[in-house]
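Chemist: Here is a sequence together with a model predicted from it:
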Amino acid sequence: MTGTTAAGPARVGIEAMNVYAGVAKISARALFDARGLDPDRFGNLMTDERSVQLPWEDSVTNAVNAAKPLVDALSEEDRRSVELLVTSSESGLDHSKSLASWVHGHLGLSRQCRYMEVKQACYGATGALQLAAGYLRSGLRPGAKALIIATDVNPMDAYAKYAEPTTGHGAVALLVSDTPGVLALTPGAYGLNSFDVMDTARPAPDYDLYNPDLSLLAYLECLSDSFRAYLDNVPGADFAESFDHVVMHTPFGGMVRAAHRKLMREQAPRAPKLIAQDFERRVVPSLRYARSVGNLCSGSIWLALASLIDHESAERLEGSRLGMFSYGSGCASEFFGATVLPGAKEIVGKTALADRLGLRRDLSFAEYEEMLPVTRRVLVPRPHREIDLSAADACLTPFRDHGKLLVLAGVEDYIRRYEWR
């Protein structure tokens with residue numbers, strides 16, 4: 001127990017977390033070659049493979065499959081303590097009804113629970129987390145918990161060009177409380193930077209507008225300006241010395257490498273070789289899962305956190321100070337501080353994410369091409385839709401030891417029907 005003072009709990013942060021990254025994948029090199037993309041640019045992606053959405057998956061199934069292991073591990077009393085549920089997504093399924101409503105029902109959470117859906121591209125989950133943390137810090141409801149779920153599907157095809165091989169699929173669930181076991185947020189240690197820009201947009205459920213050059217510039221500008229705002233709130237902070245590890249929103253590894261290099265040049269100038277060594281030491285462990293999963297939108301920074309925890313040694317991890325940068329197109333950003341707690345490696349390790357990533361079915365490009373238009377159509381509202389589940393068991397069976405998964409079974413009168421398999 002972290003204890004509670006008259007001003008509220010001593011610590012607030014992530015009690016537990018889980019990542020769901022689908023049941024299928026495709027080689028990034030296979031996509032690159034099949035689309036005829038410039039092979040000289042492949043290395044900059046720092047991507048080996050990516051998760052792929054299947055026709056019976058959507059943002060609801062991803063969210064539930066990410067959160068269910070966390071909820072199932074709670075006692076009945078703790079489950080009743082979850083009084084805030086927020087889903088963050090660019091992949092909403094209704095203009096009125098939130099994703100959280102479906103998720104709440106399938107997780108069997110208490111009716112004494114606020115739930116809602118938020119949206120701000122890849123920043124949404126971080127914003128929801130910080131608002132939830134503020135609520136918990138108030139101390140008005142000691143012992144209350146919040147469940148924040150970043151969930152997305154993003155079935156880009158050839159029109160997306162270089163974004164297609166880096167696009168991910170899945171969800172990250174964060175259980176937030178005043179008894180954190182994974183990560184403690186540092187109160188007041190943040191810097192914000194937000195402004196209106198059209199670097200990306202999703203005007204329709206199955207269509208994205210993407211300006212990669214503008215998005216890269218906006219990301220880099222936000223990193224520099226949000227860190228300067230962080231310095232205003234945390235005088236004396238030093239980018240090179242104050243943080244043992246750096247965890248960033250990861251559209252692809254090469255973008256994070258460029259961002260780290262830029263901020264080092266601005267805040268801690270040194271020889272290029274030393275900057276590269278710093279990147280390897282403080283940043284690379286957080287990028288390993290992104291190489292296998294791709295960009296999870298607002299779950300991306302939290303996938304990076306899971307990667308750091310799973311791939312860094314316990315000696316260097318526990319008690320380490322993190323500098324974290326979250327960015328969402330449109331755009332909103334935040335640089336904030338946190339501390340990894342003793343036991344984080346054991347808590348995250350119980351989810352067996354590395355093992356589950358290895359169970360995903362490896363799709364050929366021909367299989368991917370055949371499935372892609374079907375998965376894109378599933379996102380578009382229709383009064384009736386039949387979902388062919390004949391191929392589902394072949395993909396789901398390897399995951400049976402980790403529990404049943406929720407799938408989309410059909411649509412009737414615009415009402416989506418789900419089932420456990």
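Modeler: Right, received. Where do you want to start?

Chemist: for the longest helix anywhere in the chain, what is the average pLDDT?
Modeler: Longest helix in the chain by number of residues (criterion: DSSP state H): helix 212-233. For helix 212-233, mean pLDDT rounds to 96.

Chemist: tell me which strands and helices it is in contact with?
Modeler: strand 183-194, helix 253-267, strand 321-328, strand 332-340 (3 or more C-beta pairs under 8 Å, 6 or more residues apart in numbering; DSSP states H and E). Where C-beta positions appear, they are placed from N, C-alpha and C, glycine not excepted.

Chemist: Dump it to CSV, restricted to CA.
Modeler: As requested, the backbone C-alpha atoms of helix 212-233 are provided in CSV (Å, rounded to 0.1, in the frame of the first residue of the first chain):
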residue,chain,number,x,y,z
PRO,A,212,3.8,12.0,-43.6
ASP,A,213,6.1,15.0,-44.0
LEU,A,214,3.8,17.4,-42.1
SER,A,215,3.3,14.7,-39.4
LEU,A,216,7.0,14.2,-38.9
LEU,A,217,7.5,18.0,-38.5
ALA,A,218,4.6,18.3,-36.1
TYR,A,219,5.9,15.4,-34.0
LEU,A,220,9.4,16.9,-33.8
GLU,A,221,8.0,20.4,-33.0
CYS,A,222,5.8,19.1,-30.3
LEU,A,223,8.6,17.1,-28.7
SER,A,224,10.9,20.2,-28.5
ASP,A,225,8.1,22.5,-27.3
SER,A,226,6.5,20.1,-24.8
PHE,A,227,10.0,19.4,-23.2
ARG,A,228,10.6,23.2,-22.9
ALA,A,229,7.2,23.4,-21.2
TYR,A,230,8.3,20.5,-18.9
LEU,A,231,11.4,22.5,-18.0
ASP,A,232,9.1,25.4,-16.9
ASN,A,233,7.3,23.1,-14.5
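
Chemist: who's in contact with Thr397?
Modeler: The contact partners of Thr397, taken as C-beta atoms under 8 Å, 6 or more residues apart in numbering, number zero.

Chemist: On the pLDDT front, check Thr4 for me.
Modeler: 51.

Chemist: I misspoke; the intended subject was Ala24.
Modeler: So Ala24 comes in at 97 (pLDDT).

Chemist: now the one 10 residues further on
Modeler: At Ala34, the model reports a pLDDT of 96.

Chemist: quick one: the helix or strand hosting it to chain centroid distance?
Modeler: Element membership of Ala34, judged by DSSP states H and E, is helix 28-35. When distances are taken as C-alpha atoms, centre = their mean, to the nearest Å, helix 28-35 is centred 24 Å away from the chain's centroid.

Chemist: Check stretch 79-94 too.
Modeler: That offset, for stretch 79-94, works out to 14 Å (C-alpha atoms, centre = their mean).

Chemist: Buried residues of it, list them for me.
Modeler: 79-93 (16 or more other C-beta atoms under 10 Å).

Chemist: so which pair among these is furthest apart in space?
Modeler: Greatest spatial distance in the buried residues of stretch 79-94: Arg80 and Glu90, 31.0 Å, computed using C-beta to C-beta.
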